[in-house]
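Asker: Sequence first, then the predicted structure, then my questions.
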2 protein chains.
Amino acid sequence: MLKNGSQTSARGSAKRQPRSQRGPYAPGVQRRQELLEAVLRIVASHGVAAVTHRAVAAEAGAPLRATTYYFATKEAMIRDAFRFFAEQSILQIDEASGRYLDRDVGPEDAVALIFETVVKESRNPNTSWAAEFELVLAIAREPSFAPEYRAFQDRLDEGLQLAMRRIGSRHPARDARIVLAFLRGFELEQLSRPERKTWQRRMKADLAGLITALVAGSDPKP
Amino acid sequence: MLKNGSQTSARGSAKRQPRSQRGPYAPGVQRRQELLEAVLRIVASHGVAAVTHRAVAAEAGAPLRATTYYFATKEAMIRDAFRFFAEQSILQIDEASGRYLDRDVGPEDAVALIFETVVKESRNPNTSWAAEFELVLAIAREPSFAPEYRAFQDRLDEGLQLAMRRIGSRHPARDARIVLAFLRGFELEQLSRPERKTWQRRMKADLAGLITALVAGSDPKP
DNA sequence: ACGAAGTTGATACATTTGTATCATGTTGAA
DNA sequence: TTCAACATGATACAAATGTATCAACTTCGT
């Protein structure tokens, strides 16, 4: 599996910047990131267990030696990949939610915002749901993986609370938790139904119904 | 990891039933089930990737040979374990929901029912959430794992729809989907917070709020 | 008691994997 | 050009793993 003939380093003769000008994206850093992206792609498609030095190198089109060169150990490689995942996710959230910050929003806009922020962007293999679920399971077994993910989740929660508050929720914290749990659970179910192709419509409808219900009829203890 | 000195078959001299009386729980079947339970325990605690013949044998206190004797291949073993998982889950659902069938239920009872049915019972290592999530990810990559899980999910959905209908929901199908997704998502988050010990109270509260909101304020298209 | 079916013992072997080693190439600043 | 840092080549090796093999033991119906 994952046999990829292109072992021959596709960028063997890439021109380098002068060392003094090396910013955070100079080669080395770039190759490192290519490896991390390869790791995430493998995690999303075949699971953490399928992450091996050889598979990562093949997936990234990098020499095998690069994996042990850039990462002291396999666990470090996976850890850094998850960190990268969290960072990328936060960036995507901020970028997407920035497109909605200035508008006044009603429930429909909230649905669109949430959908674009949490759902659509996660089609990116770097931030896919499958990878996220793998990360969560990894955390359950190795709690030291938790911090980066926590930051990402806090950012998500914060954005959702803001959205809920703007559309008139009287329990923004609680409603944000509920909405986020719903989204995760819904997406998880989709993973178990690989044949479904038309889940987005239903998800939007259910999400709209959920949000409407939450902001409308909810004052148990005023 | 998982080193367990008790290789010596703990039931080497178990008395056997006459073969003619062997029902579905005769020895052989029993050992097989012990192996499947061992598989599920390993899946829940260390993931599918940690399922090896040797680890399963050690966990079950069975001889290594038993694993290759009862299962043609490792994949068959895992497949059967997941089948077993789904069957056990359905049994637990039916048993727990049976305790509520005769009563008239309001939202509070629905919360208690759902909590006992879906949440509490899943503390059993045979039917834990971690194992279920592993199963879902396995399905995402190997769709042939899906059927048994589908049956389990349908049973859950059916029960939830019934509960929602009984407490006055006007969109039982939709609300059942929402509640189920919420439960899954909430539990998934708990996995990423191994330090939390007091999530049950919050989950019950959020679940109650969600259900109340759903049955109260939801008639967008009557 | 006997024999066939069921179950276990003991061992082997090719693969895959993580990681180490030492030498070779490549780049950029001096 | 020259040198030191950066990066890759090529290969090695012990450990873990899936699975096969063949012999020995247990159990139970006859």
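Answerer: Cool, got the structure. Residues are numbered from 1 along each chain as shown, chains lettered A, B, ... in the order given.
Asker: Which single helix of chain A contains the most residues?
Answerer: For chain A, the helix with the greatest residue count under DSSP state H is helix A:74-98.
Asker: in the helix or strand following that one, what's buried?
Answerer: Later in the chain than helix A:74-98, the nearest helix or strand by DSSP states H and E is helix A:107-114. Using 16 or more other CB atoms under 10 Å in any protein chain shown as the test for burial, helix A:107-114 gives A:107, A:110, A:111, A:112, A:113, A:114. Any C-beta I mention is one placed from the backbone N, CA and C, and that applies to glycine too.
Asker: okay, those residues in a markdown table with distance to DNA strand C and pLDDT next?
Answerer: Listed next are the buried residues of helix A:107-114 as a markdown table, based on distance: CB to the nearest atom of the strand, whole Å; pLDDT from 0 to 100:
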| residue | distance to DNA strand C | pLDDT |
| --- | --- | --- |
| A:107 | 47 | 77 |
| A:110 | 43 | 81 |
| A:111 | 42 | 86 |
| A:112 | 42 | 84 |
| A:113 | 40 | 83 |
| A:114 | 37 | 85 |
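Asker: Which one of these is nearest to chain B?
Answerer: Checking those against chain B by CB to the nearest CB gives residue A:107 as the nearest, at 10.2 Å.
Asker: Relative to residue A:82, how far out is the residue nearest to the spatial centre of chain A?
Answerer: Central residue of chain A (CA atoms, centre = their mean): residue A:127, 2.8 Å from the mean position. The gap separating residue A:127 from residue A:82 is 11 Å, by CB to CB, to the nearest Å.
Asker: still on that earlier bit, from what I can see the residue nearest to the centre of chain A touches residue A:85, true?
Answerer: Yes. Shown here, residue A:127 and residue A:85 form a contact pair, counting by CB atoms under 8 Å, at 6.4 Å.
Asker: Can you name the element that comes right after the helix-or-strand element of chain A with minimal mean pLDDT?
Answerer: Every helix and strand of chain A was ranked by mean pLDDT, DSSP states H and E. The lowest is helix A:107-114, at a mean of 82. Per DSSP H and E, helix A:107-114 leads on to helix A:129-141 as the next helix or strand towards the C-terminus.
Asker: between that next one and helix B:129-141, what angle do the directions make?
Answerer: Orientation of helix A:129-141 against helix B:129-141 (axes from the mean of the first three to the mean of the last three CA atoms, to 10 degrees) gives an angle of 150 degrees.
Asker: Next, the angle from the following helix or strand past helix A:129-141 to helix A:129-141.
Answerer: Past helix A:129-141, further along toward the C-terminus, the next helix or strand under DSSP H and E is helix A:146-166. Put simply, helix A:146-166 runs at 120 degrees to helix A:129-141, going by the same axes, to 10 degrees.
Asker: which strands and helices sit next to helix A:146-166?
Answerer: Applying 3 or more CB pairs under 8 Å, 6 or more residues apart in numbering or on different chains; DSSP states H and E, we find helix A:146-166 packed against helix A:74-98, helix A:107-114, helix A:129-141, helix A:172-191, helix A:199-216.
Asker: Distance from the chain centre to stretch A:52-59, please.
Answerer: Its chain's C-alpha centre and that of stretch A:52-59 lie 21 Å apart, by CA atoms, centre = their mean, to the nearest Å.
Asker: Is there proximity between it and DNA strand C?
Answerer: Yes. Legend: contact between stretch A:52-59 and DNA strand C by CB under 7 Å from any atom of the strand is shown at A:52, A:53, A:54, A:55.
Asker: count of neighbours near residue A:154?
Answerer: If you count neighbours by other CB atoms under 10 Å in any protein chain shown, residue A:154 ends up with 11.
Asker: From what I see, residue A:93 and residue A:156 are in contact.
Answerer: Yes. The pair residue A:93 / residue A:156 is scored as a contact, 6.3 Å apart, by CB under 8 Å.
Asker: so what's in contact with these two at the same time?
Answerer: residue A:118 (CB atoms under 8 Å, 6 or more residues apart in numbering or on different chains).
Asker: returning to what we had before: among the residues of stretch A:52-59 next to DNA strand C, which pair sits farthest apart?
Answerer: A:53 and A:55 (7.5 Å; CB to CB).
Asker: more neighbours, these two?
Answerer: Neighbours per residue, other CB under 10 Å: of residue A:53 and residue A:55, the larger number sits with residue A:55, 19 against 16.
Asker: Report whether the helix or strand where that one lies contacts DNA strand D.
Answerer: Taking DSSP H and E as the definition, one finds residue A:55 inside helix A:53-60. No. Judged by CB under 7 Å from any atom of the strand, helix A:53-60 stays clear of DNA strand D, getting no closer than 8.7 Å.
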